[in-house]
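I would like the atomic coordinates for the input below:
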Amino acid sequence: MNSRLVPIPGVITGLVICLLAGSQPAIALEPQASAPLGRLFMSPEERRALDAGRGPWRDPAAPEASLAPAPGRVVLNGVLRRSTGPAVVFINGQPAGGKDAAVQVARGPDRQNTVTVRDSADGRSVQLRPGQSWTP
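The predicted structure is shown next:
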């Protein structure tokens with residue numbers, strides 16, 4: 001008896017080929033109705049409006065933030081760190097800056113985004129982190 005043995009990997013490969021030959025296709029051949037994706041990127045007008053709202057050159061005719069803090073209250077909204085240029089500190093929804101502002105950034109932001117804010121009326125100062133508020 002001279003029997004020839006078939007190696008196990010050959011048998012497994014043959015079974016897999018037989019199973020795949022009789023299986024159903026994985027994708028549907030009929031198109032399915034779906035909602036259109038719409039515009040994926042901004043239009044040139046939307047981009048210009050976004051650029052107009054950046055930095056200290058913000059359009060003065062633009063509407064103010066709808067969630068304004070109580071009068072006299074200072075809220076540190078956040079710090080924007082840019083790859084080029086200085087960091088921008090947002091106080092009460094506006095970029096901080098200007099020597100005539102009621103509240104000025106005396107120092108910061110540091111690595112933890114802590115900012116020292118000074119009241120220009122009486123000179124008092126306090127350190128704030130984003131999300132914290134102060135009533136001078």
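
so where do the strands sit in this structure?
Taking DSSP state E, the strands of the chain run over residues 74-80, 88-91, 94-95, 103-107, 115-119, 125-128, 133-134.

With Arg48 as the reference, name the closest of these.
Closest approach to Arg48 among the strands of the chain (C-beta to C-beta): strand 94-95, 19.1 Å. Backbone N, C-alpha and C define where each C-beta goes, glycine included.

picking up where we left off before, kindly reformat the strands of the chain as a markdown table containing distance to Arg48 and mean pLDDT.
A markdown table is the format used below for the strands of the chain (distance: least, C-beta to C-beta, whole Å; pLDDT from 0 to 100):
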| stretch | distance to Arg48 | mean pLDDT |
| --- | --- | --- |
| strand 74-80 | 20 | 90 |
| strand 88-91 | 20 | 90 |
| strand 94-95 | 19 | 86 |
| strand 103-107 | 29 | 86 |
| strand 115-119 | 31 | 89 |
| strand 125-128 | 33 | 91 |
| strand 133-134 | 33 | 88 |
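
For Ile17, which of these is the nearest?
Set against Ile17 and scored by C-beta to C-beta, the strands of the chain come closest in strand 74-80, at 58.7 Å.

want to throw the strands of the chain into JSON lines with mean neighbour count?
Listed next are the strands of the chain as JSON lines, based on neighbours: other C-beta atoms under 10 Å:
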{"stretch": "strand 74-80", "mean neighbour count": "19"}
{"stretch": "strand 88-91", "mean neighbour count": "20"}
{"stretch": "strand 94-95", "mean neighbour count": "16"}
{"stretch": "strand 103-107", "mean neighbour count": "16"}
{"stretch": "strand 115-119", "mean neighbour count": "19"}
{"stretch": "strand 125-128", "mean neighbour count": "17"}
{"stretch": "strand 133-134", "mean neighbour count": "16"}
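
Tabulate those (a markdown table), appending distance to Arg47.
Shown next, in a markdown table, are these (distance: least, C-beta to C-beta, whole Å):
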| stretch | distance to Arg47 |
| --- | --- |
| strand 74-80 | 18 |
| strand 88-91 | 20 |
| strand 94-95 | 20 |
| strand 103-107 | 29 |
| strand 115-119 | 30 |
| strand 125-128 | 33 |
| strand 133-134 | 33 |
